[in-house]
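Trainee: Build me a model from this:
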Amino acid sequence: QVTLVESGGGLVQAGASLRLSCAPSGRAPSTYHMGWFRQAPGKEREFVAAITWTGATTFYADSVKGRFTISKDNAKNTVYLQMNSLKPEDTAVYYCAAAGRWGSGKYFSPNEYNYWGQGTQVTVSS
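Mentor: Numbering: from 1, shown residues only. Down below sits the predicted model:
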């Protein structure tokens, strides 16, 4: 069992930046694909970004492309989400997730992820 712990959320003004971090508690292999998802009140959980376990390939939702950057430090077994130019519509609870594999390359589907963090709140004021 892998437990993921997110940190770095908070309340910021529009245009500001935040960096989220996610690391497993305890020993866990670094050979997981990692993803970030978010869920706003009354909405379904949506894909934000994903990265292969090597860190070589990244994927982004269109809504965050060019503003958010996902990265992975395998030495620290930590994944990051750098969020720049934040908008009020980015307000949500952000979750990191780990996948042993993506079936049919479905990195964007929550169903492909085996382990989830508890989430961290990001609130962007206008």
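Trainee: CA only for contacts and neighbour counts going forward, please
Mentor: Noted.
Trainee: Do me a favour and get the end-to-end distance for stretch 68-81?
Mentor: With Cα to Cα, to the nearest Å as the measure, stretch 68-81 spans 7 Å from end to end.
Trainee: who's in contact with it?
Mentor: Outside of stretch 68-81, the residues within contact range by Cα atoms under 8 Å, 6 or more residues apart in numbering are 19-24, 29-30, 34, 36, 49-51, 53-55, 58, 82-84.
Trainee: Now the most centrally placed residue in the chain: closest residue in space that isn't a chain neighbour?
Mentor: For the chain, the residue nearest the mean C-alpha position is residue 36 (2.1 Å; Cα atoms, centre = their mean). Distances taken as Cα to Cα, 6 or more residues apart in numbering put residue 96 closest to residue 36, at 4.5 Å, once the chain neighbours are dropped.
Trainee: dump the residue contacts of the one you found.
Mentor: Contacts of residue 96 (Cα under 8 Å, 6+ apart): 4, 6, 22, 34, 35, 36, 37, 116, 117, 119.
Trainee: Nearest to residue 67 among those?
Mentor: Closest approach between the contacts of residue 96 and residue 67, by Cα to Cα: residue 36, at 14.2 Å.
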